[in-house]
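Colleague: Quick check, what structure comes out for this input:
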Amino acid sequence: MFGQDLQYKTGLSWRGKWAYRFLGEMYVGDRIRSMHVFRKLREMGLPRAGTQILDAGCGGGAYAFALARYYPTVQITGIEIAENLVGEARVCLGKSGLHNMRFRQGDLTEISEVDAYDLVLCIAVLEHIQDDVEALRAIHRAMKRGGILLIEVPKDTRYAKRHFHKSLSHPNHVRPGYLQEQICSVLHTAGFEIRDVEYLFGFWGSLAWEMGQVMSLSVLQLLAYPFLGFLGRLDLVCPKRDGNGLLITAMRS
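Modeller: Below you'll find the predicted structure:
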């Protein structure tokens, strides 16, 4: 279950540990993103046995842990600039029983590996990085030829659609997001070949996200969790010509 291994984070209340253990990731936005990411991986038949995976900007490691559990024959490296998040991920790793993954602290613009990874995930990260082109160039160098990059970014909040929540901005973002042509241009500049672009957080997904923000991990959200999950599933299966997030598949040719 996505996010389940985060139950071992330090400082969680018993309610928090219970929620992670039995429900997984409670933040609605992350849960909906994960649905789209893992569906896309399944569609591409990835990852395969022996795949070397980089979780670029891994945060607390939710995607890395899920990949390690779903695909025990792969090897995963998580890189995160925030030392406290790397520390939390390592604590969770020590209690998880998993042995096909590792975490290290580092700046994505300074990745040292060359031709090392078959698959890179970069989910909800670029909007936090000032020099996004340099970060993508470093990721490009670290990938093997033919390697796949799966990247998710928010749509520019100045053009995002809202239901009732007043603001979609985030204090730690260095830019309001990207339009499709902007993120594709950045990826091309860094040397990537675009293979696919799709939207997430359409009508149903953005509604679930906004409801989750209002409830803000309260008891009410616990009660509403099945309904919010249902809205997330609708976002996954319903066709979308627009949305508040972009999921791009790119390749190092």
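Colleague: how about low-confidence regions in the stretch 51-200 of the chain?
Modeller: When the per-residue scores of the stretch 51-200 of the chain are filtered using pLDDT under 70, the ranges that remain are 165-169.
Colleague: Helices of that one, start to end?
Modeller: Assigned helices in the stretch 51-200 of the chain, in chain order: 62-70, 83-96, 132-142, 180-189 (criterion: DSSP state H, counting those that start in this stretch).
Colleague: Can you tell me the SS state at Leu247?
Modeller: Of the three states, Leu247 takes strand according to DSSP: H, G, I helix; E, B strand; the rest coil.
Colleague: the strands in the stretch 151-253 of the chain, which residues?
Modeller: Assigned by DSSP state E, counting those that start in this stretch, the strands in the stretch 151-253 of the chain fall at 193-200, 245-251.
Colleague: These: which one's closest to Gly106?
Modeller: Closest to Gly106 of those, according to Cβ to Cβ: strand 245-251, at 21.3 Å. For glycine as for every other residue, the C-beta is placed from the backbone atoms N, C-alpha and C.
Colleague: quick one on the thing from earlier: which one of the strands of the stretch 151-253 of the chain is the most hemmed in?
Modeller: The highest mean neighbour count among the strands of the stretch 151-253 of the chain belongs to strand 245-251 (a mean of 22), with neighbours defined as mean count of other Cβ atoms under 10 Å.
Colleague: coming back round to it: which one of the strands of the stretch 151-253 of the chain lies closest to Arg48?
Modeller: Taking these one by one with Cβ to Cβ, strand 245-251 is closest: 15.3 Å.
Colleague: helices or strands next to the closest one in the packing?
Modeller: Strand 245-251 sits against helix 28-44, strand 143-154, helix 180-189, strand 193-200, with contacts defined as 3 or more Cβ pairs under 8 Å, 6 or more residues apart in numbering; DSSP states H and E.
Colleague: The second one to helix 180-189, inter-axis angle?
Modeller: Using axes from the mean of the first three to the mean of the last three Cα atoms, to 10 degrees, one finds that strand 143-154 and helix 180-189 are set 160 degrees apart in direction.
Colleague: Name the residues of strand 143-154 that are buried.
Modeller: Met143, Gly147, Ile148, Leu149, Leu150, Ile151, Glu152, Val153, Pro154 (16 or more other Cβ atoms under 10 Å).
Colleague: Also the longest one?
Modeller: Along helix 28-44, these residues count as buried under the neighbour rule (16+ other Cβ under 10 Å): 28-38, 40-41.
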